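1. turn this into a model:
(chains A and B)
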2 protein chains.
Amino acid sequence: MKKEISAEIMTIGDELLYGQVIDTNSAWLGQELGKIGIRVKQITSISDNPDAITEALNQAISRADVILITGGLGPTKDDLTKHTLTRYFNTELQLHQPSLDDVEEIFRKYNRPMLEVNRQQAFLPASCTPIRNVLGTASGMLFYEQETVIVSMPGVPFEMKRMVTDTVIPYLKQHFALPKIIHKVVQTVGIGESFLAEKIADWEDNLPPNLKLAYLPFLAGVRLRLTGFSQEGLDLETQLQEQVDKLSALLPDNIFAYGEVSLEEAIGQMLKDQNLSIATAESCTGGLVAHKLTSVPGSSAYFMGSVVAYSNEVKKAQLGVPAQTLETHGAVSEETVKAMAQGVRQLLKTDIGISTSGIAGPDGGTPEKPVGTIWIAYADAHQTIARKINYNKTRLLNIEYTALQVLDLIRQSLRRRVEE
Amino acid sequence: MKKEISAEIMTIGDELLYGQVIDTNSAWLGQELGKIGIRVKQITSISDNPDAITEALNQAISRADVILITGGLGPTKDDLTKHTLTRYFNTELQLHQPSLDDVEEIFRKYNRPMLEVNRQQAFLPASCTPIRNVLGTASGMLFYEQETVIVSMPGVPFEMKRMVTDTVIPYLKQHFALPKIIHKVVQTVGIGESFLAEKIADWEDNLPPNLKLAYLPFLAGVRLRLTGFSQEGLDLETQLQEQVDKLSALLPDNIFAYGEVSLEEAIGQMLKDQNLSIATAESCTGGLVAHKLTSVPGSSAYFMGSVVAYSNEVKKAQLGVPAQTLETHGAVSEETVKAMAQGVRQLLKTDIGISTSGIAGPDGGTPEKPVGTIWIAYADAHQTIARKINYNKTRLLNIEYTALQVLDLIRQSLRRRVEE
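-> Numbering: from 1, shown residues only, chains lettered A, B, ... in the order given. Got it, this is the predicted structure:
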């Protein structure tokens, strides 16, 4: 078994520590490194401060084979990374003509006057291998120290990503003897993390040692990620697929997709495959189900529209919910959501209609119908199904959770249509 | 001047290192700690691995007064944080009855059978102060070691946030002698960060040294946070308010609220104050505007509903857009959005109707109407205003940006109504 190559990511900038900017670079770098079999062991965010950078670097070099640094290379005076690295590697800054040419080219392009601070950006540590930045004024730098590769890049995501794709990844593939890693993602919905874990415990316990399972929960389900590390004389792809098949057999009702597919994308595909159109009638979800369905490119092929019926007037006038139903059972009731789902189906002339009505809170609850009491329904030409949800977190979470439950109800109903 | 209290954040989980999940907890924690004058010096993301957790903890304790740990407390096998902390602090797990009661209560509430793994979650290190989790099954833990406060919380953002707000922040305020800090937030919309910075440069340059300004940009505007550090013999509140008043005078058109108020909340208040009702007719935004408006508690007082008209059929049949208009000008046109806004206003009998129609992409663009071509409109009894937006990032960003532009159009129109 080859030695595993480990990486650490260092992101530099006070804006990250103060929470003014969310660090999205690290996740992207983690994915890109994972694809070539380099495993990220730590991500460290620190201040634009020589001592902090030096200490973090000392520790990272003692642990990692690769260190990717982003941020701290701008022209402003609070960006000290380049000077700190120059001192750290006992070298000095010298003009790098190709970098200066690139910087001048950029200012020509936007015909802005080039400032001395920008010219300074073309001065790079003598001992580094400069990494070209075709999208900005700060070049990247590659150092090699104690068998560790250290790469410093700007924090601007699109500049950094271009450097990684064009230069850093090819270099790492060629520099290291990398193991092969394959990830397989199994998307489940409608089962909590602990129930899922219980259900697949035996399978998980019997996984070969080169396979690792991770639970990645979201509001209505869990993404399962199975990671395989290649071994001598082993067909990793086949081994992983065999385990995914075993897993699938254990979860006949909860898997909605394999790979990086969202629930709404999976439903969109089912609707396309079955050539069905859909519309939503939403009260408590206030349009979120429609938003999720339409967040999928090409959704206009199956999504016709919705009626967000917040007031009872709209429920009656647009969706044809009988006044009698609303008076007798109330807006949050099985009878009302069924009438809404059927109503929107007829109104917008679709194969399927779905509906939601509930008390999202924080106000509006009663002893009989406390906050979190929510009814959802699915209607097509053959049947109308209603379900009651009891879920009471924050208003937004109640709404989000309900929308996901509706999507799962659509998924289950579409699956039954195929089976019947 | 008091000693500055420094914090470090540790986020635990392979999903962060693999880049399958973006760490948003750290940024939120950085902001919350900043509000009480605690400065985050480092954020470290590590694996669900005892050695990694122990090493990171050793280093953090040597540097920080406060360590906030998130993640690694789920019931599943790959969550090892609690056991690692138990060993680290030389204590043992013991049943914490109140936690068990909470866990049992949660399972009662959703009437699901409670599993042994969930019962195990109520076993906590004997030496810790348990932190109640009212939203989930994993309790938080507070330790005190070498004058450092160590807090371990679940990684699920809404559970963690509730713990921090209810328990951790109050504890830190009472445990440490923190400098007196006051924040004033000024919410702006419709002006980019660099233009805003230019507009208020003189004011910013002349701020007293004990006041610091932070730019917190979002998709359609910038939150400005003015932070004041108390000084001997100074009325900080008055000093801050004077600066906020000066700032307000510089931005007559762009400030929509003071304090932590969202654009949809600000609009909701304006609608209540003016006693007006509203409905939306959405094509490209697919219900997102309705979702944003209804995400505000009490929005049923002014929001009646909407028609998400994805197909032209729905635009014609429900919103009464003339077939002629759609044929001559197309669905993405000034004429169509005006007809949609007027149509939904009449259909749902509201004072105000708003509408959206555009090409969100990635497909559907033409040379005349490329992806990112979007029309929005506002209609009331007196006027109908349409605006064209050109914005082409990703599909979801185009949709999100459009929704925010619509909200700003509502805000500006409501403001004019008052002035007239």
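
2. beta partners of residue A:352?
-> Residue A:352 forms beta bridges with residue A:278, as assigned by DSSP bridges.

3. so who does it touch?
-> A:271, A:276, A:277, A:278, A:279, A:345, A:378, A:379, A:380, A:410, A:413 (C-beta atoms under 8 Å, 6 or more residues apart in numbering or on different chains). Where you see a C-beta, it was placed from the backbone N, CA and C, and this is true even at glycine.

4. look at the nearest residue to residue A:253 once chain neighbours are set aside and report its pLDDT.
-> Nearest non-adjacent residue to residue A:253, counting by C-beta to C-beta, 6 or more residues apart in numbering or on different chains: residue A:190, 7.2 Å away. Looking at residue A:190, its pLDDT stands at 93.

5. you'd agree residue A:190 is up against residue A:407?
-> No. Counting by C-beta atoms under 8 Å, residue A:190 stays clear of residue A:407, with 10.2 Å between them.

6. need the overlap of contacts for these two.
-> By C-beta under 8 Å, 6+ apart, the residues touching both residue A:190 and residue A:407 are residue A:220.

7. ok, back up a step: can you give me phi and psi for the residue nearest to residue A:253?
-> phi 80, psi 10 (degrees, to the nearest 10).

8. and residue A:245, by the same measure?
-> phi -60, psi -40.

9. pLDDT at it, what is it?
-> 98.

10. need the residues of the stretch 51-200 of chain A near chain B, please.
-> With the criterion set to C-beta under 8 Å from any C-beta of the partner chain, the stretch 51-200 of chain A comes near chain B through A:52, A:56, A:59, A:183, A:192, A:193, A:194, A:195, A:197, A:198.

11. list the contacts of the closest residue to residue A:277 other than its chain neighbours.
-> Counting by C-beta to C-beta, 6+ apart, residue A:350 is the residue found nearest to residue A:277 once chain neighbours are left out, at 4.2 Å. Contacts of residue A:350 were listed using C-beta under 8 Å, 6+ apart, and they are A:277, A:278, A:279, A:304, A:344.

12. quickly find the element holding residue A:350.
-> Secondary structure assignment for residue A:350, by DSSP states H and E: no helix or strand.

13. cool, and residue A:198?
-> Per DSSP H and E: helix A:193-199 holds residue A:198.

14. so what touches that helix?
-> A:188, A:191, A:204, A:215, A:217, A:222, A:224, A:250-251, A:254, B:74-77, B:112, B:115, B:117-118, B:137.

15. in strands, which of those fall?
-> For those, the ones inside strands are A:188, A:215, A:217, A:222, A:224, with DSSP state E as the criterion.

16. what's the neighbour count on the spatially closest residue to the first one that is not a sequence neighbour?
-> Once its chain neighbours are removed from consideration, residue A:188 has its nearest residue in residue A:254; the separation is 4.3 Å (C-beta to C-beta, 6+ apart). The criterion is other C-beta atoms under 10 Å in any protein chain shown. On that basis, residue A:254 has 20 neighbouring residues.

17. same check on residue A:116?
-> 7.

18. for the residue nearest to residue A:188, report the pLDDT, please.
-> Reported pLDDT for residue A:254: 96.

19. for it, what are its contacts?
-> Applying C-beta under 8 Å, 6+ apart, we find residue A:254 in contact with A:188, A:189, A:190, A:191, A:196, A:221.

20. mark which of those are buried, thanks.
-> For those, a neighbour count by 16 or more other C-beta atoms under 10 Å in any protein chain shown gives the buried set as A:188, A:189, A:190, A:191, A:196, A:221.

21. enumerate the beta-bridge partners assigned to the closest residue to the second one other than its chain neighbours.
-> Setting aside the residues directly before and after it, residue A:189 is nearest to residue A:221 in space (C-beta to C-beta, 6+ apart), at 3.5 Å. With DSSP bridges applied, residue A:221 shows beta-bridge pairing to residue A:189, residue A:218.

22. hmm, residue A:221 is touching residue A:215, no?
-> No. Contact criterion C-beta under 8 Å: residue A:221 and residue A:215 do not qualify, at 10.6 Å.

23. out of the contacts of residue A:350, who's nearest chain B?
-> residue A:304 (4.7 Å; C-beta to the nearest C-beta).

24. next, count neighbours for that closest one.
-> Neighbours of residue A:304 (other C-beta under 10 Å): 24.

25. name the element it belongs to?
-> strand A:303-309.

26. drop anything exposed from the contacts of helix A:193-199.
-> A:188, A:191, A:204, A:215, A:217, A:222, A:224, A:251, A:254, B:74-76, B:115, B:117-118, B:137.

27. and which of the residues you listed is nearest residue A:389?
-> Taking C-beta to C-beta as the measure, residue A:191 is the one of these closest to residue A:389, at 15.1 Å.

28. quick one: that closest one from chain B, how far?
-> Separation of residue A:191 from chain B (C-beta to the nearest C-beta, to the nearest Å): 10 Å.

29. ok, that residue touching residue A:220?
-> No. Counting by C-beta under 8 Å, residue A:191 stays clear of residue A:220, with 9.4 Å between them.

30. what ranges do the helices span in the stretch 151-300 of chain A?
-> With DSSP state H, counting those that start in this stretch, the ranges of helices along the stretch 151-300 of chain A come out as A:157-163, A:169-175, A:193-199, A:201-205, A:236-250, A:263-273, A:288-294.

31. deepest of the ones you listed, which one?
-> helix A:288-294 (a mean of 29; mean count of other C-beta atoms under 10 Å in any protein chain shown).

32. what helix or strand is residue A:327 on?
-> Residue A:327 is part of helix A:323-329 when elements are defined by DSSP H and E.

33. packing partners of that helix?
-> With contacts defined as 3 or more C-beta pairs under 8 Å, 6 or more residues apart in numbering or on different chains; DSSP states H and E, helix A:323-329 has these neighbours: helix A:312-317, helix A:334-347.

34. report the rounded mean pLDDT for the first one.
-> Meaning helix A:312-317. Here the average pLDDT along helix A:312-317 is 96.

35. what of stretch A:8-21?
-> For stretch A:8-21, mean pLDDT is 91.

36. and that stretch with chain B, contact?
-> Yes. For stretch A:8-21, a contact with chain B is found by C-beta under 8 Å from any C-beta, at A:16, A:17, A:18, A:19, A:20, A:21.

37. quick one: distance of that stretch to the chain centre.
-> Centroid displacement of stretch A:8-21 relative to its chain, using C-alpha atoms, centre = their mean, to the nearest Å, is 19 Å.

38. partners of residue A:39 in the sheet?
-> Counting by DSSP bridges, the residues bridging with residue A:39 are residue A:6.

39. repeat for residue A:377
-> As for beta bridges, residue A:377 partners with residue A:355, residue A:386 under DSSP bridges.

40. per-residue confidence at the residue sitting furthest away from the middle of chain A?
-> Distance from the C-alpha centroid of chain A peaks at residue A:324, with 45.2 Å (C-alpha atoms, centre = their mean). Per-residue pLDDT puts residue A:324 at 97.

41. could you do residue A:361 as well?
-> 92.

42. what number of residues lie near it?
-> 21.

43. skipping adjacent residues, who's closest to it in space?
-> That would be residue A:371: by C-beta to C-beta, 6+ apart, it lies 3.6 Å from residue A:361.

44. quick one, phi psi at the one you found?
-> Phi and psi for residue A:371, reported as degrees, to the nearest 10, are phi -50, psi 140.

45. list the residues that contact it.
-> So residue A:371 contacts A:359, A:360, A:361, A:362, A:363, A:364, A:365, A:392, A:398 (C-beta under 8 Å, 6+ apart).
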